[in-house]
Every structure is written in structure tokens, then in C-alpha cells.
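>>> here is the input, now give the coordinates:
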Amino acid sequence: MPIQLTRGAISAIYNGDVEVKPVVEVVDVKIVSPSQGRYGAMVTDGSETRQALLASQLNELVRTNQLKKGSIVQLLEYTCADVQNRRILMVLKLQVLALQDDRIGNPEMPSKTIPLNKNGSSLNGCATTSSASIQGQNPATKPNSNKPPAFSPTIQPPYKPAPNYKSHGAIMKNDAPARVIPISSLNPYQGRWAIKARVTAKGDLRRYNNAKGDGKVFSFDLLDSDEGEIRVTCFNAQVDRFYNIIEVGKVYMVSKGTLKPAQKDYNHLSNEWEILLDKTSTVDLCTEEDVSIPNQKFNFIPISKIEETSNNSIIDLIGVVTAANPSVPVLRKNGMETQRRIVYLKDMSGRSVELTLWGEFCNREGQDLQVAVDSGAFPVVAVKAAKVNDFSGKSVGTVSSTQLFINPDLPETRNLREWFNNGGKETATTSISSDNNMNTLARNEVRKNVSQIKDERLGMGDKPDWVTVKGMISFIKTDTFCYTACPSIIGERNCNKKVTKSTSGNWICERCEKEFSECEYRYLLQVQVQDHTGTTWVTAFQEAGEEILGLPAKELHIIKNEQMDKVKFAEIIKRCLFQQFLFKLKIKEEHHGEEHKVKVTVVKAERVDPSAESQYLLELISRVSG
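The predicted structure follows:
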């Protein structure tokens, strides 16, 4: 039985009916934006032909020749958007049903094909005429033609109300309810959409100040039944509207937001877009529970894989808690005190890792974990959105978007529990983190001397080399030992971009596009390190600079440039010269145009502990002699 096209579907779609899933024929497929890799298609329902823009997720069908001229397809997900005063059909999802050699029906064709411009923003979907007229024939003169004479070319209105809308009077906009679509189908070309999703995380309310004044912002993450995730952000007035009604675990219907590119520095979700709610947006609580939407989505990686993960990456992991340290107060760089607690996780990969809990995590989940371990239980903890740290080995820590789940109802939890109870508890594992109770050899650190940096061509590979060198500082450049830095906080980190002073006396950050009355001072030390094999120049930034000189950069800047106390400044520099340090170094070749240079950066500097170093040497001798 031949496939029947859904006649009249194109007109219905353009008039606001987005519920039908029509069968149409593809008349032609062409690339419309080579730079963006976007394709356009001419589609017909047998009576009318219109141009459409294909979503990027359909590109593979075109490239593999599954979607081409003559293809019969069913439109599963689509939308109409008004772009530059033109109505555009956006096809988001389709199914190829068959390949047709001959055109089905006698559809009206556009009188003039107006191609999309380079950014794919304009489509001609308004002017139509009959196919016979385009071919230069009059249907009335065709042999054996029983059809009435064709209409002469006319301009079809871009938006003609469907019959069932006549009682509404003149239509100024599409008043049909927004169609619920999957999160994965969201794109900026859609004018009307709605998503039904569960809130999996809710960020804290943060306040900020910039050139436009004070403001406030918060965000929350959504997960739908197709396991699509997206972040939603609210500013100022929208914070007042939505902050108190958003609850983690509840399901909401969200519509009428603006799609913008996701800021990957602060957004760990695997979605290229995020939603910005505005005054037209709606967020409605779904009173009935939707079991098709999972409570959370995890992308667990084994602890052993964390060793290969770059610093500051956001990951999900799961492991058995083998120990939990008490919570201790810690003074942050901004002078505020917070709590820190370290727990230890192991899994079936043969590795263990430190998980550092900060702030309220110490008093909530952290306290529960310590009580459980102290009572002889070893709970399984799943960590959503933990941040990787590579100082002295690899560890993970909590950030504001982190979530902890103790003994979650997951297949991974059951597998870990079974493994741990059946011998995993006694299985030896290797820690990928530093541990103050372990000697230096157990940290898996690589000891090198200065001459080996050049002789072994360290840093010349695709990845940086991480080595530890025992040496002393023989010289420090003091003319420019620090720089003026931006004090603003972006997400979880300080901006730290260099700022310059304006004529008004304020400090200007080009990255943040803001002005500040005061700036931060951060170390940028150029230090010469030497041992018995030679010397090398290294760069020490803020934390390493404080470890070397023993005081903040701002304090040293005041002593030199404001108090003009040259004697005290010289004494501070002198007291760290020719003192032995263990330098943890990151070595990587950098390319600046035609110039290639190996850069050596101090990640951590700690003064040599004679007792620990003696123990290291004795164990090294024991291994060599053994």
C-alpha cells in the first residue's frame, strides 16, 4: 500500500497546530550555512511546499544519505519560529519512512526560492504558486487534464488563521498552548516551548555588585524523562518570583525562557544551552508525581580514572567510606572561617581517594558518615559534581553545586556493597591522594634533580610532567614580585585577571568589564632554584609564593611600595634564600608564535623536614640495597 502524505499539514503547522505528526515528502536538501553546518530542506504534504530548517542533530542523516531528495518522512518534533519577520519551520526530530522516486500529488511550489542567508536566519515560506505555473504550463491546456485552471501566482499570507480559530477574531499572535518537548530538543530558534522536568540541584542565592549596581542570582538544574539535563538561571526580579517555590526533587513545567550558550567554566551539565528566565517565564509545580522522570542522573567514573582527569574538572564518583576525619575550622583566603572534613573512599578499581567536605557538608552528611564509620558501618556515598584537585596527588572536593547521597538506591551501590562484604574490605588499595600519615615514597611522587629537567626533556610531551625537586632558592627577582588582580568572584573561583588603574582612580578588569575601588595583590615570583646538579628558573604564583615568603603578597607590597621600608623588605627576601625546599613542579612546553619555551611552575613548596627526609633516604637506600 503506497504511503499517503498528510495533506493540509503544512498549512496547519504554520497556523499554530503543533500536535499533528505529519508524513511529508522531501523535495530537496541543501546546506544553507557551511560555517555552522546547517541544512535546509524543501518539504511537501502533497498540496503545498515549504522550506524548513533542519536541526543540527539531523545532520548525520543527511551526511549518510538517509535523508535526501525523495525521502518520505514523518515529522515527530518541530516548531515554528518568527525570524526577521518570516515564519520558519524548524524540524527537530523526524523518521525516514521510505524513498520515493516520483513526486506525490501536485503541490503548490514557491514562486521564487529565496535561500537562507549565511547565518541560516531567513527562509521564504510565504510566496507560493502552482507547480504547473512554475514549469511554464497552463494546466487548462494540458492533454487529458480534468483539473480546473490553476490560479495565477499570488502571495500567500504568512499566517492565515485555521478554521477553528475564526471565532476568536483577528489573531495577533499564536495563543495555542506551548508544546512540551524534551530538553535535548531545546534550541534558540523556538519561539514557544515547555519542558517538564525534575529539579535535581538548587544553588545558593548569591549577591553581586557591578557597574550597573547590586544584583542577586541563583540557578537550578533540571532533568527530564529522556535524561536530558539543563541549568536554569534567575536574576533579580525573577529570583523574587521563583527562589522560594523551587524545591529539589519536585517536578515542574517550565516555559517561556531564553536559551543562551552554557558557561562551561561554571556549568558542568552536558548541554550546550542553559535557560535564562525572564518576566514572561512560567514555572508551575506538577502536583502529580511523574515516575518516568528519574530522581538524579550520574556519570560515575572509577577512582582510578581520576588520576587521568585534569585539574578543576567536575566529575561524579561513588565509593565505600573507609574512614572519616573530624571536622576542623579553616580560615579562607577572604578571611572568613569555614569547616573542613576529609573522608576516604575506595572502590573496585584498586584505588582510594580523599574527599574533602567544605562548609555545611561537614555538619550534615559529613557528621552522618563519621557516626556510621565509628559504629563499624561503612556506607556507600555517591557524589554528584565533585571538583578534582591535583595538588600533591589527586583528590576531590565539594563545591556549591555538589550533592552527596548516602547509600543511594542504585545498582552501583549494590555492586559495591556486595564486593566490599565479600572481601573488598580487606583488599589493599593504592591512594591517589596525599596522606599526611604516609611517608613520601607512598605518595607515588617522582623525584628528579635539576639537571634531569633538561636532560630528560621533561615537559616536551602532550601532557605536562609533574616532578618533585629538592633544592634551595639562590635568587628572587624583586622588581616585579606581584601583580594587581581583579577581586570579583566568578562562580566558585576568583577572577584573578590583571587589572589596570583608570584616570578616576578605580581598577578596571577587562574580563569582567567592571571597576573596583580596590584590587587584590597576587604573587608572580621569578625564582632561581639550584641543587647539586645545576640551576633552573621557576615561576611561583599566589599559594606557592606565600609558602616561600611566608606572608601575603599585599602585605609585602605595602612594606616595599607604601611604607618604603627597604630594610624590612630585604630581610624578608633574605630569610628564604639558601633554605632547602621540596618543590612540586609542573613542567610543560609553551608555544608563543615561533618561540618554544619550557615553563616550570611551582605547584607547592614546603620546607624540608629533616626527620621525614631522613626516613625517605633510608627507605630509598633499603630498596636499592635490597
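>>> go ahead and confirm Gln370 touches Ala324.
Yes. At 4.0 Å, Gln370 counts as touching Ala324 under the criterion of C-beta atoms under 8 Å. All C-beta atoms are positioned from the backbone trio N, CA, C, and that covers glycine.
>>> neighbour count winner among those two?
Ala324 (22 against 19; other C-beta atoms under 10 Å).
>>> residue contacts, that one?
When contacts are counted by C-beta atoms under 8 Å, 6 or more residues apart in numbering, Ala324 touches 341-344, 366, 369-370, 373-374.
>>> of those, buried ones?
When burial is judged by neighbour count using 16 or more other C-beta atoms under 10 Å, the buried members of these are 341-344, 366, 369-370, 373.
>>> so which of those residues are in strands?
When DSSP state E defines the strands, the subset of these inside them is 341-344.
>>> could you export those residues as TSV, including pLDDT and distance to Gln530?
Output for those, formatted as TSV (pLDDT from 0 to 100; distance: C-beta to C-beta, whole Å):
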residue	pLDDT	distance to Gln530
Arg341	90	40
Ile342	90	35
Val343	92	40
Tyr344	92	38
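>>> quick one: which of those residues is nearest Lys568?
Checking these against Lys568 by C-beta to C-beta gives Ile342 as the nearest, at 37.6 Å.
>>> which residues does the nearest residue to the closest one once chain neighbours are set aside contact?
Taking C-beta to C-beta, 6 or more residues apart in numbering, and ignoring the residues beside it in sequence, Ile342 has Asn325 as its nearest neighbour in space, at 4.6 Å. Asn325 is in contact with 341-343, 370, counting by C-beta under 8 Å, 6+ apart.
>>> same thing but at 10 Å, please
Listed by C-beta atoms under 10 Å, 6 or more residues apart in numbering, the contact set of Asn325 reads 340-344, 354, 356-357, 362, 366, 370.
>>> so what's the backbone phi/psi at it?
Main-chain torsions, Asn325, degrees, to the nearest 10: phi -80, psi 160.
>>> how far away is it from Arg231?
Here the distance between Asn325 and Arg231 works out to 33 Å (C-beta to C-beta, to the nearest Å).
>>> do Ser33 as well
In this view, Ser33 and Arg231 are 27 Å apart by C-beta to C-beta.
>>> more crowded one of the two?
Arg231 (22 against 16).
>>> thought the more buried one was touching Phe220?
Yes. Distance between Arg231 and Phe220: 7.4 Å, which falls inside the contact criterion (C-beta atoms under 10 Å).
>>> Cys80: neighbour count?
Burial of Cys80 is recorded as 22 neighbouring residues (other C-beta under 10 Å).
>>> pull the longest helix from this protein.
helix 610-625 (DSSP state H).
>>> for that helix, packing partners?
With contacts defined as 3 or more C-beta pairs under 10 Å, 6 or more residues apart in numbering; DSSP states H and E, helix 610-625 has these neighbours: strand 580-592.
>>> CA atoms of the strand it packs on as CSV?
Taking C-alpha atoms only, strand 580-592 is exported to CSV below (Å, rounded to 0.1, in the frame of the first residue of the first chain):
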residue,chain,number,x,y,z
GLN,A,580,66.0,23.7,51.4
PHE,A,581,62.6,23.2,50.0
LEU,A,582,60.7,20.3,48.4
PHE,A,583,59.3,21.9,45.2
LYS,A,584,56.5,20.1,43.4
LEU,A,585,56.8,21.3,39.8
LYS,A,586,54.6,21.3,36.8
ILE,A,587,56.7,21.3,33.6
LYS,A,588,55.2,22.0,30.2
GLU,A,589,56.4,23.4,26.9
GLU,A,590,54.6,26.5,25.8
HIS,A,591,54.3,27.9,22.2
HIS,A,592,54.3,31.6,21.5
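>>> report the angle between that strand and helix 610-625.
Here strand 580-592 runs at 70 degrees with respect to helix 610-625, directions being taken by axes from the mean of the first three to the mean of the last three C-alpha atoms, to 10 degrees.
>>> show me what secondary structure element comes after strand 580-592.
Scanning forward in sequence from strand 580-592 by DSSP states H and E, the next helix or strand is strand 595-607.
>>> tell me the strands beside that next one, with direction?
Within its sheet, strand 595-607 is paired with strand 534-540 (parallel), strand 580-592 (antiparallel), according to DSSP bridges.
>>> would you turn these into a markdown table with mean neighbour count and distance to Lys448?
What follows is the strands paired with strand 595-607, written out as a markdown table (neighbours: other C-beta atoms under 10 Å; distance: least, C-beta to C-beta, whole Å):
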| stretch | mean neighbour count | distance to Lys448 |
| --- | --- | --- |
| strand 534-540 | 18 | 11 |
| strand 580-592 | 18 | 8 |
